[in-house]
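Engineer: coords please:
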Amino acid sequence: FTVLELGYYLVQSDLGALCSLDTTMPDVTIKEKNSEPTVEKEVKEDSNGDFGQTNDADIGQTVDFETTITVVDGQPKGYVLHDKMSEGLTFDATSVKVAIGDTSLTEGTDYTLVSPGLDNGCTFEVRFADGKLKPNDVVTVTYSAKVNENAVVGGTGNPNEIHLSYGNDSSTSTTPSTYVWEFDVLKYTMKEGTQTPLAGAQFKLYKEVNGTKNYVIVDANNKVTGWTDKKDEGSLFETPASGKFEIIGLDADTYYLEEIQSPAGYNML
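Structural biologist: Modelled structure (predicted):
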């Protein structure tokens, strides 16, 4: 700053530092003791219970998220957590829990949950009451969503973008992803060294959960809609003339494809 009248001045940063200066000592170094808050979001992998940046899930499965906000600026105010889920995830508003350390916060008093009806493309927002957050607070926000029939299979997965806005129009962000998979089945026989498709083979797909066989249930497009421990209620897959079918919307897991009817003229596997 130049051409200032003699006197005392205050310099304040948007992170909370406040320093008194005077024009008889024109060269001053200000060391900022505060910093920008951080936000980290992770998703739970059901196979091992660990949280990380990616997970795998079936269509119809509920997945759990955890967001951690570390408050390190000197004057925390205007904190809003914005969450934008992809079309393949259905948010459960009743699952939201907010805490500072081991202390649970109260909706309507300590924060406001806003969903739906947001015009910024977000699925929901957690708006913290000014004065509730203090420097060095560690805030956790946990919630869940269900993987739905619109989930992207393979590719880039189903991202869940969040960002934290605070103070005067500042923000920071992170994006974990949930992955859904499919596999293709080909029933064939070898004739003169060539794969020849076989029609009429019937299968059921199951996985073992705590020692119990769970059979997959799919819709008309062979997308997973659920699981049942009753074999006769599980979906039946039959190979067409091409010998091929696919099962869409699976977690990364171990599955068993059980042939229950062989093509005409062939023995069962």
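
Engineer: I figured Ala201 hits Tyr188, correct?
Structural biologist: No: checked against CB atoms under 8 Å, the pair Ala201 and Tyr188 is beyond contact range at 9.7 Å. Heads up, the C-betas are built off the backbone N, CA and C, glycines and all.

Engineer: when those two are compared, which one has more neighbours?
Structural biologist: Using other CB atoms under 10 Å, the more surrounded residue of Ala201 and Tyr188 is Ala201, with 23 against 15.

Engineer: what ranges in this structure fall below the confidence cut-off?
Structural biologist: 14-17, 26, 31-34, 168-170 (pLDDT under 70).

Engineer: so where's the longest strand in this protein?
Structural biologist: Counting by DSSP state E, the longest strand found in the chain is strand 89-100.

Engineer: which residues does the helix or strand following it contact?
Structural biologist: Sequence order places strand 103-104 as the next helix or strand after strand 89-100, per DSSP states H and E. Residues outside strand 103-104 that contact it (CB atoms under 8 Å, 6 or more residues apart in numbering): Lys97, Val98.

Engineer: could you spell out the sheet neighbours of strand 103-104, each with its direction?
Structural biologist: strand 89-100 (antiparallel) (DSSP bridges).

Engineer: what residues of the strand it pairs with count as buried?
Structural biologist: Leu89, Thr90, Phe91, Val96, Val98, Ile100 (16 or more other CB atoms under 10 Å).

Engineer: could you export the residues you listed as TSV, including distance to Thr68?
Structural biologist: Below are the buried residues of strand 89-100 laid out as TSV (distance: CB to CB, whole Å):
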residue	distance to Thr68
Leu89	20
Thr90	23
Phe91	19
Val96	15
Val98	11
Ile100	11
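
Engineer: before we move on, back to that, ok now the longest strand of the chain, how far from the chain's centre?
Structural biologist: Computed by CA atoms, centre = their mean, to the nearest Å, the chain-centroid distance of strand 89-100 equals 12 Å.

Engineer: now for Ala201 and Tyr188: what residues contact both?
Structural biologist: In contact with both Ala201 and Tyr188: Gly243, using CB under 8 Å, 6+ apart.

Engineer: pretty sure Glu182 contacts Gly154?
Structural biologist: Yes: Glu182 lies in contact with Gly154 (CB under 8 Å); the separation is 7.0 Å.

Engineer: the two: which has the busier surroundings?
Structural biologist: Ranked by neighbour count (other CB under 10 Å), Glu182 and Gly154 place Glu182 first, with 14 against 10.

Engineer: for the more buried one, which non-adjacent residue is spatially closest?
Structural biologist: Among residues not flanking Glu182 along the chain, Ile248 sits closest, at 4.2 Å (CB to CB, 6 or more residues apart in numbering).

Engineer: over to Tyr8?
Structural biologist: Asp22 (4.9 Å).

Engineer: count of neighbours near that neighbour?
Structural biologist: 12.

Engineer: just the strands in the stretch 1-150 of the chain please.
Structural biologist: Listed in chain order, the strands of the stretch 1-150 of the chain (DSSP state E, counting those that start in this stretch) span residues 8-12, 18-22, 38-44, 51-52, 54-56, 62-70, 80-85, 89-100, 103-104, 111-114, 124-128, 138-147.

Engineer: what's the host helix or strand of Thr196 packed up against?
Structural biologist: In this assignment (DSSP H and E), Thr196 forms part of strand 194-197. Counting contacts by 3 or more CB pairs under 8 Å, 6 or more residues apart in numbering; DSSP states H and E, strand 194-197 is packed against strand 188-191.
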